[in-house]
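>>> Provided below are the primary sequence and the corresponding predicted coordinates.
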Amino acid sequence: MNEGLERLTTAAGNRLTVLYDGGCPVCRREINHYRRLDSAGRVYWQDVAHQPQVLNGTGITPKQALAYFRVVEPDGRVVGGAHAFARLWQRLPGYRWLGAISRYSGLVWPMEVVYRLVAAWRFRRRAGCATCA
């Protein structure tokens, strides 16, 4: 594990770290919904739009983090896209069933195709973002 990921996992404790785009109204609304559900504190939330320095030394650029949803597992493994959503959902009440079904049934692969299309469209709409340059 590299130095940046080790720093993130240490700060997160034994929790999943979510790297999200807090500058995107759609992303922010979705993450705020998930945060309200995370009353047990199972997730460590990192807004990379407003705090890109959390990515220092991770091997993930701000542009990559803003373009594609990622989570960092407690062991330092980085997971992205629909697979990342499945891992997040498995930790949230009301979504655990969806996380398990999508992750273990093979449903995550078609979800990934759709997610990539939506993520590319959303990121193009953020063309004026200074962090994305």
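Received the coordinates, thanks.
>>> report the buried residues of stretch 63-77.
Using 16 or more other CB atoms under 10 Å as the test for burial, stretch 63-77 gives Q64, A65, L66, A67, Y68, F69, R70, V71, V72, E73, G76. Quick note: C-beta positions are derived from backbone N, CA and C, even for glycine.
>>> now the residues you listed as a markdown table including distance to A100?
Output for these, formatted as a markdown table (distance: CB to CB, whole Å):
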| residue | distance to A100 |
| --- | --- |
| Q64 | 28 |
| A65 | 26 |
| L66 | 28 |
| A67 | 27 |
| Y68 | 23 |
| F69 | 19 |
| R70 | 20 |
| V71 | 16 |
| V72 | 20 |
| E73 | 16 |
| G76 | 23 |
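>>> next step: those restricted to strands.
Under the assignment DSSP state E, these contribute R70, V71, V72 to strands.
>>> would you list these in JSON lines and tack on distance to E6?
Converted to JSON lines, these look like this (distance: CB to CB, whole Å):
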{"residue": "R70", "distance to E6": "16"}
{"residue": "V71", "distance to E6": "16"}
{"residue": "V72", "distance to E6": "10"}
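>>> tell me the SS of the nearest residue to A49 once chain neighbours are set aside?
Once flanking residues are discounted, A49 sits nearest to G23: 3.4 Å by CB to CB, 6 or more residues apart in numbering. Look at G23: counting by DSSP: H, G, I helix; E, B strand; the rest coil, its state is coil.
>>> give me the beta-bridge partners of T17?
Beta bridges link T17 to Y44, V72, judged by DSSP bridges.
>>> show me what contacts it?
Taking CB atoms under 8 Å, 6 or more residues apart in numbering, we find T17 in contact with L8, T9, A11, V43, Y44, W45, Q46, V71, V72.
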